[in-house]
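Asks: Here is the input, now give the coordinates:
(chains A and B)
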Amino acid sequence: AQSVTQLDSHVSVSEGTPVLLRCNYSSSYSPSLFWYVQHPNKGLQLLLKYTSAATLVKGINGFEAEFKKSETSFHLTKPSAHMSDAAEYFCVVSVRGYNKLIFGAGTRLAVHP
Amino acid sequence: EAGVVQSPRYKIIEKKQPVAFWCNPISGHNTLYWYRQNLGQGPELLIRYENEEAVDDSQLPKDRFSAERLKGVDSTLKIQPAELGDSAVYLCASSIRILAGGPTDTQYFGPGTRLTVL
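Replies: Got it, this is the predicted structure:
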């Protein structure tokens, strides 16, 4: 079975400081991993995806994530937060080849001036 | 390119009333998904269509929920009768099959329909 645990329900950072959103996954098979972002009253937008190629994945808006199989982690980072990054972030796992996404509970990112 | 379109964006109904949501996927996307997102949680899959065929509806409460995807394009999700616990955001997503058995296809989400049952 597949599952995802987002270790922080809320993260607060100052503008211009680094962002770290933590995610651990469980999968019996080779996983595909995603990060989605959801701004208020808007749909989910794909930030990045890992599909067994490079372990360091670069996404949109300066975000990146590193797949660490030994730690079963897929943490999302950004060197410098912007006010527009304030949103809900979801870590997602899927079994490779199966189109069923398992979402984490989400991490709400707040960015302060 | 137009994204996934959903309507209505908001719906308020009284319990025991019926309600329907409509989704138009991205042109050319053969796979369509309906998700339910409860407040403070991540979305959960209700049903997945490959063209016209529902291939995964294990999480759909079939006593009151129904869905259809006629002609393999637009889809409608219906609840009858609605209950208080059905208040949630209902998301539609679509994807295109790139490679059978390959990496999970990227799903593109619509803005959702926020349902409030009073």
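Asks: what sits against the residue lying farthest from the centre of chain A?
Replies: Distance from the centre of chain A peaks at residue A:113, with 23.0 Å (CA atoms, centre = their mean). Residue A:113 is in contact with A:14-15, A:83, counting by CB atoms under 8 Å, 6 or more residues apart in numbering or on different chains. Any C-beta I mention is one placed from the backbone N, CA and C, and that applies to glycine too.
Asks: now that we have these, which one has the most neighbours?
Replies: residue A:15 (14 neighbours; other CB atoms under 10 Å in any protein chain shown).
Asks: how close does the residue in chain B positioned nearest to chain A sit to residue B:73?
Replies: Of all residues in chain B, residue B:42 sits closest to chain A, at 2.9 Å by CB to the nearest CB. Applying CB to CB, to the nearest Å, the value for residue B:42 to residue B:73 is 27 Å.
Asks: Neighbour count: these two, which is higher?
Replies: Higher neighbour count among residue B:42 and residue B:73: residue B:42, with 22 against 17, using other CB under 10 Å.
Asks: Can you point out the buried residues in the helix or strand bottoming out on mean pLDDT in chain B?
Replies: Here the helix or strand of chain B ranked lowest by mean pLDDT, DSSP states H and E is strand B:53-56, holding a mean of 88. Residues residue B:56 are the ones in strand B:53-56 that count as buried (16 or more other CB atoms under 10 Å in any protein chain shown).
Asks: any residue of it up close to chain A?
Replies: Yes. Residues of strand B:53-56 contacting chain A under CB under 8 Å from any CB of the partner chain: residue B:56.
Asks: List of residues touching that strand?
Replies: A:100, B:45, B:47-49, B:67, B:69.
Asks: what's the span of stretch A:93-101, first residue to last?
Replies: Terminal residues of stretch A:93-101 are spaced 6 Å apart (CA to CA, to the nearest Å).
Asks: One more: stretch B:16-27?
Replies: Terminal-residue distance, stretch B:16-27 (CA to CA): 35 Å.
Asks: from the middle of its chain, how far away would that stretch be?
Replies: Chain-centre distance of stretch B:16-27: 7 Å, with CA atoms, centre = their mean, to the nearest Å.
Asks: what sits up against that stretch?
Replies: With CB under 8 Å, 6+ apart, stretch B:16-27 has contacts from B:1-8, B:11, B:13, B:32, B:34, B:73-83, B:90, B:92, B:94, B:96, B:108, B:110, B:113, B:115.
Asks: Could I get the buried residue list for stretch B:85-102?
Replies: Per 16+ other CB under 10 Å, stretch B:85-102 contains these buried residues: B:86-95.
Asks: Please disregard the earlier target; I meant stretch A:99-113.
Replies: By neighbour count with 16+ other CB under 10 Å, stretch A:99-113 contains the buried residues A:99, A:101-104, A:106-109, A:111.
Asks: re the thing from before, in the contacts of strand B:53-56, which residue is surrounded by the most others?
Replies: residue B:48 (25 neighbours).
Asks: does residue B:91 really touch residue B:42, like I thought?
Replies: No. Counting by CB atoms under 8 Å, residue B:91 sits too far from residue B:42 to count as a contact (10.6 Å).
Asks: circling back: right, and the pair among the buried residues of stretch B:85-102 with maximum separation?
Replies: B:87 and B:95 (27.2 Å; CB to CB).
Asks: and chain A, which residues reach chain B?
Replies: Near chain B, when you scan chain A using CB under 8 Å from any CB, you find A:32, A:34, A:36, A:41-46, A:49, A:51-52, A:90, A:92, A:94-101, A:103-106.
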